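Chemist: Sequence below, structure please.
(one chain, ligands or ions: 2)
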Amino acid sequence: MRTQVAIIGAGPSGLLLGQLLHRAGIETIILEQRSKDYVLGRIRAGVLEQGTVELLDEAGCGSRMRQEGLVHEGIEIAFGGARHRIDLKALTGKTVLVYGQTEVTRDLMEARETAGAPIVYEALSARISDIETGHPRVRYRKDDAEYEIECDYVAGCDGFHGISRQSIPEQALRTYERVYPFGWLGILVDKPPLADELIYVNHPRGFALCSMRSATRSRYYLQCRLDEQVSDWSDERFWDELERRLDPEARKWLQRGPSIEKSIAPLRSFVAEPMRFGNLFLAGDAAHIVPPTGAKGLNLAASDVAYLSRALASRYRSSSTAELDAYPQRALARVWKAVRFSWWMTQMLHRFPEPSGFDERIQAAELEYLFSSKLAQAALAENYVGLPY
Ligand code: FAD
Ligand code: DHB
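Modeler: Numbering: from 1, shown residues only. Ligands and ions are numbered 1, 2, ... in the order given. From the prediction side, this is the model:
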């Protein structure tokens, strides 16, 4: 088999890249190790920046999102028994859209099927070779048969645990990492959200987040210990603990119900530089991870893909590799700003094990400064709605 760009991974980055390249007249094959249903069953991100929304429109996949997505003009932060609103719209002129990653993925998969572009699910043991030549190869196994794709470029969109980053020699990569001493326990429930906007809670018992997927489906998260298992958390224990971390008004509106999904995610910041080796380009979680507090992971995957798709289109239009050569530097400049923001939100809103009195006072001062200063709120809002690209 031959294609122009072999894409490893059918998460949001791989699917969006495939769609943008298809519209630019560039051939791709997407390889995904899991089944379509498995990919669609993963409950992850929920908040889209305006830039991500516009990119999905550009990919021709925005119509359902525009109809069903919920426009949010602000978020709330709860601390010390009071709630404070950050007016995103007034501070930046921009809003965010609540539309689940599952729905984004479904729309992108449908667009690919409609376009008749190839996607191989359950493609196992993918291996990339000849990355430094003009003819990289990707081999994989499907239904006990071996296949080989020859291509011009490989796009590594296979997430944090994928093989793309691991195919790069260790000495050619520099990695930066911070692991946080807690995780997020998330629950999805078919009950209306307790408020119209997201509430980020800093409580002595730990962080909590009240989010949503639609007017009838809510998503809640609790900061939990890293040694805890999903099986330690019955629905009842989750709701009891969430209630303890909420203010009385929020508690009044909380509707409990049976969970339809429950999972624990560890929190980590990670960046691998540069996001390229030879003709292999990394995008999304394959190159970087942020803690979910700033709602940036999916949006960063989208901005990487915007830069990479434009660079590849330029390369096929003009034969010049200048845009492709600039990709790592352009993408990383934006990545590091989102890494900083996600780290800042995480340390401001979580309770760290064994904090010193100094740490506690600094955290309280940070929040009180934020609530009292329009300029501090504007800095948060500018990052939350997404920096330009
Ligand atoms: P992935 O979604 O991980 O996709 C990679 C794909 O590659 C997967 O389908 C995988 O099966 C496949 N793959 C892996 N290895 C191979 C292989 N060897 N061969 C073939 N295929 C392979 N982000 C936000 O922007 N906003 C949020 O509100 C938000 N909330 C989050 C909440 C939680 C609880 C979590 C866990 C994450 C959240 N994120 C959020 C982050 C966001 O979900 C990720 O950043 C996003 O999924 C990255 O997309 P991706 O396509 O790069 O990687
Ligand atoms: C969601 C996740 C986040 O990390 C966040 O900051 C906001 C919302 C969510 O899954 O709904």
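
Chemist: Phi first, then psi, for residue 240.
Modeler: The phi/psi pair for residue 240 (degrees, to the nearest 10) reads phi -60, psi -40.

Chemist: That one and ligand 1, how far apart?
Modeler: Residue 240 sits 21 Å away from ligand 1, going by CB to the nearest ligand atom, to the nearest Å. Placement of C-beta: from N, CA and C, glycine included.

Chemist: same check, this time on residue 21
Modeler: 15 Å.

Chemist: Show the contacting residues for the closest residue to that residue other than its chain neighbours.
Modeler: Using CB to CB, 6 or more residues apart in numbering and skipping residues adjacent in sequence, the residue nearest residue 21 is residue 28, 5.2 Å away. By CB atoms under 8 Å, 6 or more residues apart in numbering, the contact set of residue 28 is 3, 4, 5, 6, 7, 17, 18, 21, 22, 117, 118.

Chemist: any idea of the pLDDT on the first one?
Modeler: In this prediction, residue 3 carries a pLDDT score of 98.

Chemist: go on, the last one?
Modeler: According to the per-residue confidence, residue 118 scores 97 in pLDDT.

Chemist: partner residues bridging the closest residue to it other than its chain neighbours?
Modeler: Spatial nearest neighbour of residue 118, chain neighbours left out: residue 29 (4.8 Å); criterion: CB to CB, 6+ apart. With DSSP bridges as the criterion, residue 29 is bridged to residue 6.

Chemist: and what of residue 265?
Modeler: Beta-bridge pairing of residue 265 under DSSP bridges involves residue 184.

Chemist: if I read this right, it contacts residue 180, doesn't it?
Modeler: No. Counting by CB atoms under 8 Å, residue 265 stays clear of residue 180, with 10.9 Å between them.

Chemist: Have a look at the two and say which one is more surrounded.
Modeler: When neighbours are counted by other CB atoms under 10 Å, residue 265 and residue 180 differ, and residue 180 comes out ahead with 19 against 14.

Chemist: for the more buried one, what are its contacts?
Modeler: Residues near residue 180 by CB under 8 Å, 6+ apart: 266, 267, 268, 269, 291, 346, 350.

Chemist: and the fifth one, how many neighbours does it have?
Modeler: This points to residue 291. Residue 291 has 26 nearby residues by other CB under 10 Å.

Chemist: So for it, what pLDDT did the model give?
Modeler: Residue 291 carries a pLDDT score of 98 in this model.

Chemist: Could you measure from it over to ligand 1?
Modeler: The spacing between residue 291 and ligand 1, counted by CB to the nearest ligand atom, is 9 Å.

Chemist: Could I get the phi/psi values of that residue?
Modeler: phi -60, psi 150.

Chemist: how about the nearest residue to residue 222, chain neighbours excluded?
Modeler: The shortest distance from residue 222 to any non-neighbouring residue, by CB to CB, 6+ apart, is to residue 185 (4.8 Å).

Chemist: Please name the residues that touch the one you found.
Modeler: Each residue near residue 185 by CB under 8 Å, 6+ apart is listed here: 221, 222, 223, 224, 228, 230, 233, 238, 262, 263, 264.

Chemist: Which single one of these is nearest to ligand 2?
Modeler: Each of the contacts of residue 185 was checked against ligand 2 using CB to the nearest ligand atom; the closest is residue 221, at 6.8 Å.

Chemist: Any residues of this structure in contact with ligand 1? List them.
Modeler: Within reach of ligand 1 by CB under 6 Å from any ligand atom, the chain has these residues: 8-14, 31-34, 39, 44-47, 101, 123, 126, 157-159, 162-163, 184, 186, 265, 284-285, 292, 295-299, 301.

Chemist: Keep only those of those that are in strands.
Modeler: Within these, residues falling in strands by DSSP state E are 8, 31, 47, 126, 184, 186, 265.

Chemist: Between all of the residues you listed, which two are separated the most?
Modeler: Longest distance between any two of those is 30.4 Å, between 47 and 126; criterion CB to CB.

Chemist: quick one, longest helix in this protein?
Modeler: helix 322-349 (DSSP state H).

Chemist: Say whether ligand 2 is contacted by that one.
Modeler: No. Helix 322-349 stays clear of ligand 2 (CB under 6 Å from any ligand atom), getting no nearer than 7.8 Å.

Chemist: Now the stretch 101-250 of the chain against ligand 2: closest residue?
Modeler: residue 211 (3.2 Å).

Chemist: Now do stretch 118-134: everything it contacts.
Modeler: By CB under 8 Å, 6+ apart, the residues outside stretch 118-134 that reach it are 3, 8, 10, 18, 28-36, 39, 109, 112-113, 136-143, 147, 152, 154, 156, 158, 163-164, 167-168, 277-280.

Chemist: Now a ChimeraX select for only the buried ones of those residues.
Modeler: For anyone working in ChimeraX, the buried entries among those, judged by 16 or more other CB atoms under 10 Å, can be selected with:
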select :3,8,10,18,28,29,30,31,32,33,34,36,39,109,112,136,137,138,140,152,154,156,158,163,164,167,168,277,278,279,280
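
Chemist: ok, which of the contacts of stretch 118-134 also contact ligand 2?
Modeler: Applying CB under 6 Å from any ligand atom, the subset of the contacts of stretch 118-134 adjacent to ligand 2 is empty.

Chemist: Mark which of the contacts of stretch 118-134 are part of helices, please.
Modeler: Using DSSP H, those in helices are 18, 36, 39, 109, 112, 113.
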